[in-house]
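K.L.:
Any chance you can model this:
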Amino acid sequence: MSRGFELTSVQEISVARLCELQKGGPINVIDVRTPAEFGELHATCARNIPLDALDPATLMQDCKGNGDSTLYVICKSGNRSKKACEKFLSAGYENVISIEGGTQAWEAAGFPVVRGRKAMSLERQVRIAAGALVLLGVLLSFVNPYFLGISAFVGAGLIFAGITDTCGMAMLLARAPWNRRSASTGGTCQN
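P.N.:
Numbering: from 1, shown residues only. Next comes the predicted model:
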């Protein structure tokens, strides 16, 4: 572990290269999606640790006891795994690598996956919630025009999310009970 002030760029690895590496022994793979998303479909070797529950120090300590101390991070498409890697880098851990293309690329390459119960994606939940709040604000504005503030607040939140690539509504929905149902924990990838 190195504690520098500069944040290095996130390293990436292809799913094909990752599968080659696992032939040499166990590797540490975490999936940072919500438990519901993980339960729907995940790489057989990944264990679920949601992005909002990441504790870099504890996780890196666990990795030291599981063969290779490098931690490979996967999500649906690669966006959340990069954010997770940035979290590790800012905590001073450089031996983290994002898996390019995420679970979508893993499945498309024909590598082993575990399929479970179908779940609604977090992105889709955000669209439904934002649309419902905007509609509610417009409908309630017929009672009192101040209710248009709900629609304005949601619109401002969506603009902020687009600019910063951080969505407060997604963070709240990720903590909802239906997104927290327990999923299998998985393990390390082995030959």
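K.L.:
How is the chain partitioned into domains?
P.N.:
By the assignment in automatic domain parsing, the chain contains the domains 11-119, 122-177.
K.L.:
And the lowest-mean-pLDDT helix or strand in the chain, what does it pack against?
P.N.:
Ranked by mean pLDDT, DSSP states H and E, the weakest helix or strand in the chain is helix 56-64, scoring a mean of 78. Applying 3 or more C-beta pairs under 8 Å, 6 or more residues apart in numbering; DSSP states H and E, one finds that helix 56-64 contacts strand 28-31, strand 71-74, helix 79-90. From N, CA and C alone the C-beta is placed, and that goes for glycine too.
K.L.:
and the residue lying farthest from the centre of the chain, what does it touch?
P.N.:
What lies farthest from the middle of the chain is residue 143; by C-alpha atoms, centre = their mean that is 40.1 Å. Neighbouring residues of residue 143 by C-beta atoms under 8 Å, 6 or more residues apart in numbering: there are none.
K.L.:
ok so, going back, what is the orientation angle of the least confident helix or strand of the chain with helix 79-90?
P.N.:
Angle of helix 56-64 versus helix 79-90, following axes from the mean of the first three to the mean of the last three C-alpha atoms, to 10 degrees, is 100 degrees.
K.L.:
Once you drop chain neighbours, what's closest to residue 40?
P.N.:
residue 119 (4.3 Å; C-beta to C-beta, 6 or more residues apart in numbering).
K.L.:
So which bits of stretch 156-169 are buried?
P.N.:
157, 158, 161, 167, 169 (16 or more other C-beta atoms under 10 Å).
K.L.:
contact partners of stretch 166-177?
P.N.:
34, 50-52, 122-123, 125-126, 129-130, 157, 160-161, 179.
K.L.:
next one: stretch 24-35 to chain centre, how far?
P.N.:
12 Å (C-alpha atoms, centre = their mean, to the nearest Å).
K.L.:
Buried residues, that stretch. List them.
P.N.:
Buried, per 16+ other C-beta under 10 Å, within stretch 24-35: 27, 28, 29, 30, 31, 32, 33, 34, 35.
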